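[1] can't give you the sequence, but here's the structure:
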């Protein structure tokens, strides 16, 4: 690991997200309330991040695909305190800022394109664990893929908004 603190953000255009858990749902690999996702990395970026102390992981090749290699990826934490990320959902009608309460819709959305910024958090060595760098979401812009009827019904008023008595 580099002796210096990592200070630069990572900018990834056309990111491929994996293991999406923006809801923070409990799974075999996740505690309840921990929002996170994985992002696939190209080999050069993965090498640079490993050299700087980031915890880059590798997907194991599938048994049915012997040509597949161990794809590098980075686990990214999504925290709203103390620094909430900028999260924007984009569709054919425009864009909408997502909040802590609405960001979970990214878990089930079909993503057409994703651009993101990841910020580093340098953590110290504790109880024998070496110092390193954790990845936190700073900004995410997600264009979702819509079905063939989305535009047809785009201008129909939403009953929930009209009848909020």
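    Sure thing, it's come through. It should be emphasised that the depicted structure is a prediction, and the values quoted were computed from it without experimental measurement. Numbers count the residues shown, from 1 in each chain.

[2] For this protein, which segments are assigned as helices?
    Assigned by DSSP state H, the helices in the chain fall at 43-51, 159-162.

[3] so what's the residue nearest in space to the middle of the chain up against?
    The chain has residue 37 as the residue nearest its centroid, 4.5 Å off, counting by CA atoms, centre = their mean. The contact partners of residue 37, taken as CB atoms under 8 Å, 6 or more residues apart in numbering, are 17-22, 75-76, 78, 106. C-beta here means a position set from N, CA and C on the backbone, and glycine is covered the same way.

[4] any idea which of those residues has the most stuff around it?
    Tallying neighbours with other CB atoms under 10 Å puts residue 76 at the head of the contacts of residue 37, with 25 neighbours.

[5] give me the number of residues near the nearest residue to it once chain neighbours are set aside?
    Leaving aside its chain neighbours, residue 76 sits nearest to residue 135 (4.6 Å; criterion: CB to CB, 6 or more residues apart in numbering). Look at residue 135: counted by other CB under 10 Å, it has 22 neighbours.

[6] what's near enough to touch residue 135?
    10, 54-55, 74-77, 118-121.

[7] let's see 6 Å
    74, 76, 118 (CB atoms under 6 Å, 6 or more residues apart in numbering).

[8] any low-confidence regions in the protein?
    For the chain, the stretches flagged by pLDDT under 70 are 1-5, 64-68, 160-165.

[9] how about a cut-off of 80?
    1-7, 61-69, 151, 154, 160-165 (pLDDT under 80).

[10] Quick one: the strands in it, in order.
    10-12, 17-21, 36-40, 56-58, 72-77, 86-91, 94-97, 111-123, 132-144 (DSSP state E).

[11] could these go into TSV alongside distance to residue 159?
    Output for these, formatted as TSV (distance: least, CB to CB, whole Å):
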stretch	distance to residue 159
strand 10-12	38
strand 17-21	29
strand 36-40	32
strand 56-58	45
strand 72-77	36
strand 86-91	20
strand 94-97	19
strand 111-123	28
strand 132-144	22
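
[12] Relative to residue 27, which of those strands is closest?
    strand 17-21 (6.9 Å; CB to CB).

[13] coming back round to it: quick one: which of the contacts of residue 37 is nearest to residue 43?
    residue 18 (16.5 Å).

[14] That closest one and residue 110: what is the separation?
    Look at residue 18 and residue 110: by CB to CB, to the nearest Å, they are 14 Å apart.
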